[in-house]
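Chemist: 3D, please:
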Amino acid sequence: MRPFKTLFIIITLAALFTMGGCAPLAITALGVGGQAGMSHAMSGVTYRTFTAPIANVRIATLLALSEMNIPVDSSGKQNDNEFITATASDRQIEIEFESISSTTTRMRSIAKKSTFVYDSATAMEIIQQTEKLLKPQQKIAVQQEVALRLW
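Modeler: As a prediction, this is how the structure comes out:
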(Lines give C-alpha, C1' and ligand atoms only; values in the text may rest on other atoms or scores of the structure.)
Protein backbone atom coordinates (compact mmCIF):
# COMPACT_ATOMS: atom_id res chain seq x y z
CA MET A 1 0.00 0.00 0.00
CA ARG A 2 2.94 2.37 0.50
CA PRO A 3 3.57 2.98 -3.24
CA PHE A 4 -0.07 4.12 -3.71
CA LYS A 5 0.23 6.63 -0.84
CA THR A 6 3.42 8.08 -2.37
CA LEU A 7 1.79 8.21 -5.81
CA PHE A 8 -1.27 9.95 -4.30
CA ILE A 9 0.93 12.61 -2.66
CA ILE A 10 2.86 13.22 -5.90
CA ILE A 11 -0.35 13.57 -7.94
CA THR A 12 -1.89 15.90 -5.35
CA LEU A 13 1.18 18.16 -5.32
CA ALA A 14 1.33 18.19 -9.11
CA ALA A 15 -2.36 19.16 -9.25
CA LEU A 16 -1.83 22.02 -6.79
CA PHE A 17 1.00 23.49 -8.85
CA THR A 18 -0.99 23.30 -12.09
CA MET A 19 -4.18 24.90 -10.78
CA GLY A 20 -4.90 28.46 -11.98
CA GLY A 21 -4.98 29.91 -8.46
CA CYS A 22 -1.64 28.37 -7.66
CA ALA A 23 0.09 29.47 -10.87
CA PRO A 24 1.77 32.50 -9.25
CA LEU A 25 3.02 30.25 -6.46
CA ALA A 26 4.32 27.73 -8.97
CA ILE A 27 6.01 30.39 -11.09
CA THR A 28 7.58 32.05 -8.05
CA ALA A 29 8.81 28.69 -6.87
CA LEU A 30 10.51 28.29 -10.22
CA GLY A 31 12.12 31.74 -9.92
CA VAL A 32 10.15 33.66 -12.54
CA GLY A 33 7.23 35.08 -10.60
CA GLY A 34 8.91 38.21 -9.33
CA GLN A 35 10.13 39.21 -12.80
CA ALA A 36 6.76 38.60 -14.45
CA GLY A 37 4.93 40.75 -11.88
CA MET A 38 7.55 43.50 -12.06
CA SER A 39 7.46 43.85 -15.84
CA HIS A 40 3.65 44.11 -15.72
CA ALA A 41 3.77 46.86 -13.08
CA MET A 42 6.51 48.74 -14.89
CA SER A 43 5.14 48.48 -18.44
CA GLY A 44 2.56 51.25 -18.23
CA VAL A 45 3.14 52.40 -21.81
CA THR A 46 0.09 51.92 -24.02
CA TYR A 47 0.16 52.15 -27.81
CA ARG A 48 -2.59 52.32 -30.43
CA THR A 49 -2.50 53.02 -34.16
CA PHE A 50 -5.46 54.88 -35.67
CA THR A 51 -6.49 55.17 -39.28
CA ALA A 52 -6.85 58.93 -39.01
CA PRO A 53 -4.64 61.95 -39.66
CA ILE A 54 -2.48 63.14 -36.77
CA ALA A 55 -4.51 66.36 -36.38
CA ASN A 56 -7.75 64.39 -35.91
CA VAL A 57 -6.19 62.08 -33.31
CA ARG A 58 -4.69 65.02 -31.40
CA ILE A 59 -8.02 66.89 -31.36
CA ALA A 60 -9.91 63.76 -30.25
CA THR A 61 -7.34 63.24 -27.48
CA LEU A 62 -7.72 66.83 -26.26
CA LEU A 63 -11.50 66.34 -26.19
CA ALA A 64 -11.11 63.03 -24.33
CA LEU A 65 -8.87 64.65 -21.73
CA SER A 66 -11.40 67.45 -21.33
CA GLU A 67 -14.25 64.96 -20.85
CA MET A 68 -12.13 63.08 -18.31
CA ASN A 69 -11.50 66.40 -16.49
CA ILE A 70 -7.72 66.04 -16.94
CA PRO A 71 -6.15 69.47 -17.45
CA VAL A 72 -3.53 69.79 -20.21
CA ASP A 73 -0.20 71.27 -19.09
CA SER A 74 1.39 71.70 -22.49
CA SER A 75 1.33 70.53 -26.08
CA GLY A 76 3.56 70.99 -29.07
CA LYS A 77 5.91 69.38 -31.56
CA GLN A 78 9.18 67.62 -30.95
CA ASN A 79 11.12 66.41 -33.99
CA ASP A 80 8.44 64.99 -36.31
CA ASN A 81 6.11 63.97 -33.47
CA GLU A 82 3.49 65.89 -31.53
CA PHE A 83 2.94 65.60 -27.80
CA ILE A 84 0.58 66.51 -24.96
CA THR A 85 1.44 66.55 -21.26
CA ALA A 86 -1.20 66.65 -18.56
CA THR A 87 -1.60 66.18 -14.82
CA ALA A 88 -4.36 64.26 -13.08
CA SER A 89 -4.33 63.87 -9.33
CA ASP A 90 -0.84 62.51 -8.62
CA ARG A 91 -0.22 61.26 -12.16
CA GLN A 92 1.95 62.78 -14.88
CA ILE A 93 0.48 61.95 -18.27
CA GLU A 94 2.52 61.97 -21.47
CA ILE A 95 0.89 61.43 -24.85
CA GLU A 96 2.87 61.27 -28.08
CA PHE A 97 1.57 61.17 -31.66
CA GLU A 98 3.62 59.84 -34.54
CA SER A 99 2.45 60.27 -38.11
CA ILE A 100 3.01 56.96 -39.91
CA SER A 101 1.34 58.20 -43.10
CA SER A 102 -1.04 61.01 -44.01
CA THR A 103 -3.98 58.90 -42.76
CA THR A 104 -2.35 56.75 -40.08
CA THR A 105 -1.26 57.90 -36.61
CA ARG A 106 0.39 55.99 -33.78
CA MET A 107 -0.51 57.20 -30.29
CA ARG A 108 1.51 56.43 -27.17
CA SER A 109 0.06 57.11 -23.73
CA ILE A 110 1.90 56.95 -20.39
CA ALA A 111 0.49 57.72 -16.94
CA LYS A 112 3.21 57.87 -14.26
CA LYS A 113 2.26 57.80 -10.62
CA SER A 114 5.87 58.06 -9.50
CA THR A 115 9.29 57.36 -10.95
CA PHE A 116 8.83 53.58 -10.91
CA VAL A 117 5.04 53.20 -10.74
CA TYR A 118 2.92 53.45 -13.89
CA ASP A 119 -0.87 53.51 -14.16
CA SER A 120 -1.58 51.52 -17.30
CA ALA A 121 -5.35 51.58 -16.69
CA THR A 122 -5.45 55.38 -16.97
CA ALA A 123 -3.17 55.35 -20.02
CA MET A 124 -5.44 52.78 -21.69
CA GLU A 125 -8.60 54.70 -20.80
CA ILE A 126 -7.25 57.84 -22.47
CA ILE A 127 -6.68 55.84 -25.66
CA GLN A 128 -10.13 54.22 -25.45
CA GLN A 129 -11.84 57.59 -24.98
CA THR A 130 -9.87 58.99 -27.92
CA GLU A 131 -10.96 56.04 -30.05
CA LYS A 132 -14.58 56.56 -29.05
CA LEU A 133 -14.42 60.21 -30.15
CA LEU A 134 -12.66 59.35 -33.41
CA LYS A 135 -15.29 56.86 -34.60
CA PRO A 136 -17.87 59.52 -35.59
CA GLN A 137 -15.11 61.53 -37.31
CA GLN A 138 -14.00 58.46 -39.26
CA LYS A 139 -17.59 57.71 -40.26
CA ILE A 140 -18.03 61.30 -41.54
CA ALA A 141 -14.70 61.10 -43.41
CA VAL A 142 -15.76 57.85 -45.11
CA GLN A 143 -19.13 59.37 -46.05
CA GLN A 144 -17.38 62.43 -47.51
CA GLU A 145 -14.96 60.21 -49.47
CA VAL A 146 -17.84 58.15 -50.88
CA ALA A 147 -19.76 61.32 -51.77
CA LEU A 148 -16.72 62.75 -53.58
CA ARG A 149 -16.23 59.53 -55.55
CA LEU A 150 -19.87 59.43 -56.56
CA TRP A 151 -19.87 63.11 -57.52
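Chemist: Now do the buried residues in stretch 78-91.
Modeler: For stretch 78-91, burial by neighbour count (16 or more other CB atoms under 10 Å) applies to 82-84, 86, 88, 91. Heads up, the C-betas are built off the backbone N, CA and C, glycines and all.
Chemist: Please report the number of neighbouring residues for the nearest residue to Ser120 once chain neighbours are set aside.
Modeler: Using CB to CB, 6 or more residues apart in numbering and skipping residues adjacent in sequence, the residue nearest Ser120 is Gly44, 4.2 Å away. Here the number of neighbours of Gly44 (other CB atoms under 10 Å) works out to 20.
Chemist: wouldn't Gly44 be in contact with Ser114 here?
Modeler: No - Gly44 sits out of contact with Ser114 when judged by CB atoms under 8 Å, with a separation of 11.1 Å.
Chemist: Leu65 should be in a helix, yeah?
Modeler: Yes - checked against DSSP: H, G, I helix; E, B strand; the rest coil, Leu65 lies within a helix.
Chemist: In this structure it contacts Val72, no?
Modeler: Yes - because the distance of 6.0 Å satisfies CB under 8 Å, Leu65 is recorded as touching Val72.
Chemist: Of the two, which one has the most company?
Modeler: For Leu65 versus Val72, the count of surrounding residues by other CB under 10 Å is larger for Leu65: 20 against 15.
Chemist: do you know how far the more buried one is from Arg58?
Modeler: Noted for Leu65: a distance of 11 Å to Arg58, by CB to CB, to the nearest Å.
Chemist: Common neighbours of these two, please.
Modeler: Ile84 (CB atoms under 8 Å, 6 or more residues apart in numbering).
Chemist: before we move on, the earlier item: tell me the residues that contact both of Gly44 and Ser114, please.
Modeler: Between them, Gly44 and Ser114 share no neighbouring residue, with contact defined by CB under 8 Å, 6+ apart.
Chemist: Any regions of the protein where pLDDT drops low?
Modeler: Regions of the chain meeting the criterion pLDDT under 70 cover residues 1-4, 7, 13, 15-43, 137-146, 151.
Chemist: try it again with 80
Modeler: Screening the chain residue by residue with the criterion pLDDT under 80, one finds the ranges 1-44, 115-116, 136-151.
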